[in-house]
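Peer 1: pasting a predicted model and its sequence here:
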Amino acid sequence: MANWFTADLHLGHHNIISYCGRPFADVEVMNNALVKGWNGVVAEDDTVWVVGDFALGKILETLPIASWLHGHKILVAGNHDRCWAGHGRRAEGWTQRYLEAGFDEIVQGPARVEIGGSTVLVCHFPYRGDSHDHDRFIGHRPIDKGEWLLHGHVHERWAQNGRMINVGVDATAFRPIGSADVAELIRLGPTTRDHHKRTDLTP
């Protein structure tokens, strides 16, 4: 059993292809590539932390893709997830729909996980920085107390920024990143990276 982390799949979201320069011809190709990338590294008894923004587009078509994906799936809700508590009353009833679609747990706000002997914070939002030119959702961001943070939200802006590690698919070769790779990044210390090197990628 292994732990994996991913974020910002944006399944079914046509515009994300051009916004982030994703190398896919259309949404169907992107969705299939993300499913293949996930199932290519994740085993059925693994745990996958989805750190927000799982599916957009026609949600009744894209959300059920969760059932195609291997592993015990924990969603740390992000601003594009219909079940995110930040949506207020609009989120009512959506947690159950996400669970029925294939998620095993839904987490609102930051969580903590043990990775390589370290306790790491997990939240869709980074301490600072955004996929836009200004920081949004300030009230929903974790407070920087010097902890390592696994996050999404910034897409291709960075892979690592100090102690903030972006686990979004745009920084991780469009597949989840494993806890062993995360532990190695923590061991190497705070730095700046544009992309993650992957031990599970073939040359």
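Peer 2: Done, it's in.
Peer 1: CA atoms for contacts and neighbours, from now on please.
Peer 2: Noted.
Peer 1: got the CA coordinates for the helix or strand Ile17 falls within in CSV?
Peer 2: Assessed by DSSP states H and E, Ile17 sits inside helix 15-19. C-alpha atoms of helix 15-19 as CSV (Å, rounded to 0.1, in the frame of the first residue of the first chain):
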residue,chain,number,x,y,z
ASN,A,15,-10.3,25.6,-21.7
ILE,A,16,-7.7,24.2,-19.3
ILE,A,17,-6.0,22.7,-22.3
SER,A,18,-5.1,26.1,-23.7
TYR,A,19,-4.9,27.9,-20.3
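Peer 1: Trp94 contacts Ala77, doesn't it?
Peer 2: No. With contacts defined as C-alpha atoms under 8 Å, Trp94 does not count as touching Ala77, sitting 11.2 Å away.
Peer 1: find the nearest non-adjacent residue to Asn39, please.
Peer 2: Take Asn39 and drop its neighbours on the chain: the residue closest to it by C-alpha to C-alpha, 6 or more residues apart in numbering is His70, 5.8 Å away.
Peer 1: residue contacts, the one you found?
Peer 2: Going by C-alpha atoms under 8 Å, 6 or more residues apart in numbering, His70 touches Trp38, Asn39, Val42, Ala43, Glu44, Asp45, Asp46.
Peer 1: biggest separation within these, which pair?
Peer 2: Trp38 and Asp45 (13.4 Å; C-alpha to C-alpha).
Peer 1: more crowded one of those two?
Peer 2: For Trp38 versus Asp45, neighbours defined as other C-alpha atoms under 10 Å are more numerous around Trp38 (22 against 12).
Peer 1: which element is the more buried one on?
Peer 2: helix 27-41.
Peer 1: next structured bit after that helix?
Peer 2: strand 47-50.
Peer 1: hang on, the earlier thing: what do Trp94 and Ala77 both touch?
Peer 2: Joint contacts of Trp94 and Ala77 (C-alpha under 8 Å, 6+ apart) are Cys83.
Peer 1: poorly predicted segments of the protein, please.
Peer 2: 201-203 (pLDDT under 70).
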